[in-house]
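**Q** Okay, sequence plus prediction incoming.
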Amino acid sequence: MRILAEKIKEARTEKGMTLAELASMLGVSSRSVSYYESGHRVPSPETLDRLCSAFQKPKEYFVTIEDDIAIRTAMRFGSKGKKQAEKLITEANALFAGGELSEKDKELFLLAMESIYTESKERAKKYTPKKYLKD
C-alpha cells in the first residue's frame, strides 16, 4: 500500500494542489487525504475512482492487483481481513519469485485466491456464534 500512498502524493504535487483542494474534489476531508498519502488508510473504491478521474489516470497507475484485492477485502472484512489478505498475497507472490508465470496468469491466480478467501470467510460466518458477529 506504500506505493499507493506515494502515487497519490506525487499526483497531487505534480498538479500543484493542496490537501484541501484534493479533498474537496474527492468529497473527503483534508485529514483523509493526509492519511491516504501517509499510508495509514486507503481510499474506498468509490474515492479511488474519483481520484483517477481527478488526475485523469487509469486505476492501474495508483493500485496494483494486490492493492486492489487488499482494498476490497478491507472494505468487506475490516482491518483483520485486510491483514490476512495481505499475508496471503505476500505468500502467493513468494511462489512467483523467479518463476515463468506471466503477469496475466499471476493476476488470474490472485483473483482466484481472493474468491476462495472471500467464500471461506462467508462460509465461516455461518458457524460463528451470533455474539461474535458484527452487524
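**A** Nice, I can see it. Numbers count the residues shown, from 1 in each chain.

**Q** what pLDDT does residue 108 get?
**A** Each residue has a pLDDT score; the one for residue 108 is 91.

**Q** and what of residue 133?
**A** 63.

**Q** likewise residue 81?
**A** 86.

**Q** was I right about it contacting residue 72?
**A** No: shown here, residue 81 and residue 72 do not form a contact pair, counting by Cβ atoms under 8 Å, at 9.7 Å. No exception for glycine: its C-beta is placed from N, CA and C like everyone else's.

**Q** low-scoring stretches of this protein, by residue?
**A** The model of the chain has pLDDT under 70 over residues 1-2, 128, 130, 132-135.

**Q** Now do the buried residues in stretch 30-39.
**A** 32-33, 35-37 (16 or more other Cβ atoms under 10 Å).

**Q** gap between residue 80 and residue 69?
**A** 15 Å (Cβ to Cβ, to the nearest Å).

**Q** Ignore what I typed, I meant residue 79.
**A** Counting by Cβ to Cβ, the gap from residue 79 to residue 69 is 15 Å.

**Q** same thing with residue 109?
**A** On the measure of Cβ to Cβ, residue 109 and residue 69 end up 11 Å apart.

**Q** tell me the domain ranges of this structure?
**A** Listed by automatic domain parsing, the domain ranges of the chain are 2-62, 65-130.

**Q** mind listing the helices for the protein?
**A** Assigned by DSSP state H, the helices in the chain fall at 2-14, 19-26, 30-38, 45-55, 59-62, 65-96, 103-127.

**Q** Which residue is the nearest non-sequential neighbour of residue 89?
**A** Of all residues not flanking residue 89 in the chain, residue 66 sits nearest, at 4.8 Å (Cβ to Cβ, 6 or more residues apart in numbering).
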